[in-house]
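Trainee: What follows is a predicted structure for the sequence shown.
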Amino acid sequence: MKKILLLFIAGCLFGNASAQSSYPAILSMQKRAETVDRLLEDKIQTVLPSLMRRTGIDMWIVISREYNEDPVIETLLPATWLAARRRTILVMYDRGEKDGIECLAVARYNVGSTFEKAWDKEREPDQWKRLAQIIEKRDPKQIGINKSEAFGLADGIVATDLEEFNQILPHKYKNRIVSAEKLALGWLETRTPAEMMIYPQICRIAHEIIDEAFSEKVIQPGVTSTEDVVWWMREKIRDLKLTTWFHPTVSIQRDDPQSFDHLRSFSKRPEKNIILPGDLIHVDFGITYLRLNTDTQQHAYVLRRGETEAPHYLKTAFARGNRLQDIFTKNFKEGKTGNEVLRESREQAIAEGIKPSIYTHPIGYHGHAAGTTLGMWDQQGGVPVTGDYPLHLNTAYSIELNAATYIKEWNKEIRIMLEEEAFFDETGVNYIDGRQTELLLIPRPSKNK
């Protein structure tokens, strides 16, 4: 099954898609839906059984109502569904090594090709009673529901559904209800071989958009503003028939008295901040494609007249950012917590004379995705609870951080703010589509002498 799926995806990506300009091939809407559904089927068969057995949950129940979706159910619905329908109840029951996972929909219809309809309203008008019948027939030892105090993505059951569920549950099963927090996190954070076959191309698309945005094709120094670039990126996303999970931002650091401010980076920026020669510009940008997300931060330098490369002091600052990435990713180890990796990396970076700030997050089905938290920009001493969750293999991260450097020529401190997608497995941390190691130049140096 896995080999067939990988061959199918390869055919979609390279044989059945139309290319847009110099961008990697982007699938038609039909092929996207087919790919998403096959990825889901594969993941339920190959990943879910081990996750349920790892967490000791033999029945996982996910309940949602239309337009009030559990974040988990959004990853279980077929590609052509935009929301749950009425009340949608999905039941995943582990029948053991031989028979695998039984997937049922306590609904009036199948939910895609994965979840089989298990409710005939004409025979049993009450949906909740039908759910109780399914539970009693299978007699699970532990029933997981998506309830979590610390992880929002694993806290999807709403108060009313939880209350009604508890009311219909036979008494003997009430003490078998457990939080499915770790199961939900595992499901959301784990990337399959099939997903990792397509993720590099998704990251490449995002990189290509940035490369074009930070070039003379888009930026005319002295004329183009940061907001102009932002709106160009928004339009480009739509032109490519893609979406994004957050609006891009473009900012400037330059030889002026203004200091970097994290709070200002997330709030209102000057509407007409014109890009000038000598500017160090920065972008924070991500796309959503085939249910996977990117989150990338890169830098470009705007050449002054007569320059063919960035000043040495900016190159040195950028190299420190790369060095901080290396220190940080080398500390990843299965079973370590995010707080442990954060502490070790900061200590090593500081010992090397780097001024670090690390705020890395998992990525996948969501931009700020499920898994451990590896620092926040305003919590460099560690993040309680979510930072104590351990690293698991086959998970993806936005390696997000910055290194501060005092620039004597500008009489101020600047931040090299970097973010790239990476995959963590038994070989370590590897960037999914590489990382930026040199400043982009605007305009690109001419080949003519």
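Mentor: Received it, and whenever you're ready, just let me know what you need.
Trainee: Give me the residue ranges of the chain where confidence is low.
Mentor: By pLDDT under 70, the weakly predicted segments of the chain are 1-21, 260-272, 447-449.
Trainee: for it, longest helix please?
Mentor: With DSSP state H applied, the helix covering the greatest number of residues in the chain is identified as helix 193-213.
Trainee: what packs against that one?
Mentor: When contacts are defined as 3 or more CB pairs under 8 Å, 6 or more residues apart in numbering; DSSP states H and E, helix 193-213 packs onto helix 2-15, helix 29-46, helix 226-239, strand 280-285, strand 292-293, strand 296-302, strand 412-425. For the C-beta atoms, the positions are set from N, CA and C on the backbone; glycine is no exception.
Trainee: got JSON lines for these, with mean neighbour count too?
Mentor: Formatted as JSON lines, the helices and strands packed on helix 193-213 follow (neighbours: other CB atoms under 10 Å):
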{"stretch": "helix 2-15", "mean neighbour count": "14"}
{"stretch": "helix 29-46", "mean neighbour count": "18"}
{"stretch": "helix 226-239", "mean neighbour count": "17"}
{"stretch": "strand 280-285", "mean neighbour count": "23"}
{"stretch": "strand 292-293", "mean neighbour count": "24"}
{"stretch": "strand 296-302", "mean neighbour count": "24"}
{"stretch": "strand 412-425", "mean neighbour count": "22"}
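Trainee: who wins for proximity to residue 127 among the ones you listed?
Mentor: Nearest to residue 127 among the helices and strands packed on helix 193-213 is helix 29-46 (22.7 Å), distances taken as CB to CB.
Trainee: That closest one to helix 193-213, inter-axis angle?
Mentor: Helix 29-46 and helix 193-213 meet at an angle of 140 degrees, taking axes from the mean of the first three to the mean of the last three CA atoms, to 10 degrees as the criterion.
Trainee: and helix 29-46, C-alpha only, in PDB?
Mentor: Taking Å, rounded to 0.1, in the frame of the first residue of the first chain, the C-alpha atoms of helix 29-46 are listed here in PDB:
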ATOM      1  CA  MET A  29      -7.800  21.100  -7.500                       C
ATOM      2  CA  GLN A  30      -8.900  17.600  -8.400                       C
ATOM      3  CA  LYS A  31      -5.400  16.100  -8.000                       C
ATOM      4  CA  ARG A  32      -5.000  17.900  -4.700                       C
ATOM      5  CA  ALA A  33      -8.200  16.300  -3.300                       C
ATOM      6  CA  GLU A  34      -7.100  12.900  -4.500                       C
ATOM      7  CA  THR A  35      -3.700  13.300  -2.900                       C
ATOM      8  CA  VAL A  36      -5.000  14.600   0.400                       C
ATOM      9  CA  ASP A  37      -7.500  11.700   0.700                       C
ATOM     10  CA  ARG A  38      -4.800   9.100  -0.100                       C
ATOM     11  CA  LEU A  39      -2.400  10.600   2.400                       C
ATOM     12  CA  LEU A  40      -5.100  10.400   5.000                       C
ATOM     13  CA  GLU A  41      -5.900   6.700   4.200                       C
ATOM     14  CA  ASP A  42      -2.200   5.800   4.400                       C
ATOM     15  CA  LYS A  43      -1.700   7.600   7.700                       C
ATOM     16  CA  ILE A  44      -4.600   5.900   9.400                       C
ATOM     17  CA  GLN A  45      -3.300   2.500   8.300                       C
ATOM     18  CA  THR A  46       0.400   3.100   9.000                       C
END
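Trainee: which residue ends up closest to the midpoint of this structure in space?
Mentor: residue 363 (2.3 Å; CA atoms, centre = their mean).
Trainee: Next, the contact list for that residue, please.
Mentor: Taking CB atoms under 8 Å, 6 or more residues apart in numbering, we find residue 363 in contact with 293-295, 369, 396-398, 421.
Trainee: Mind listing what's buried along the helix or strand residue 340 falls within?
Mentor: Element membership of residue 340 [criterion: DSSP states H and E] is helix 338-351. Neighbour-count burial for helix 338-351, with 16 or more other CB atoms under 10 Å as criterion, is recorded at 338-346, 348-349.
Trainee: helices or strands next to that helix in the packing?
Mentor: Other elements packing on helix 338-351 under the criterion 3+ CB pairs under 8 Å, 6+ apart are helix 312-330, strand 355-358.
Trainee: winner for burial among the ones you listed?
Mentor: When you average the neighbours per residue for each of the helices and strands packed on helix 338-351 (mean count of other CB atoms under 10 Å), strand 355-358 leads with a mean of 21.
Trainee: What pairs with that strand, parallel or antiparallel?
Mentor: When sheet partners are counted by DSSP bridges, strand 355-358 sits next to strand 395-407 (antiparallel).
Trainee: Taking strand 412-425 as reference, get the angle to the strand it pairs with.
Mentor: Going by the same axes, to 10 degrees, strand 395-407 makes 160 degrees with strand 412-425.
Trainee: Please point out which parts of strand 395-407 sit buried.
Mentor: Taking 16+ other CB under 10 Å as the neighbour-count basis, strand 395-407 is seen to contain the buried residues 395-405, 407.
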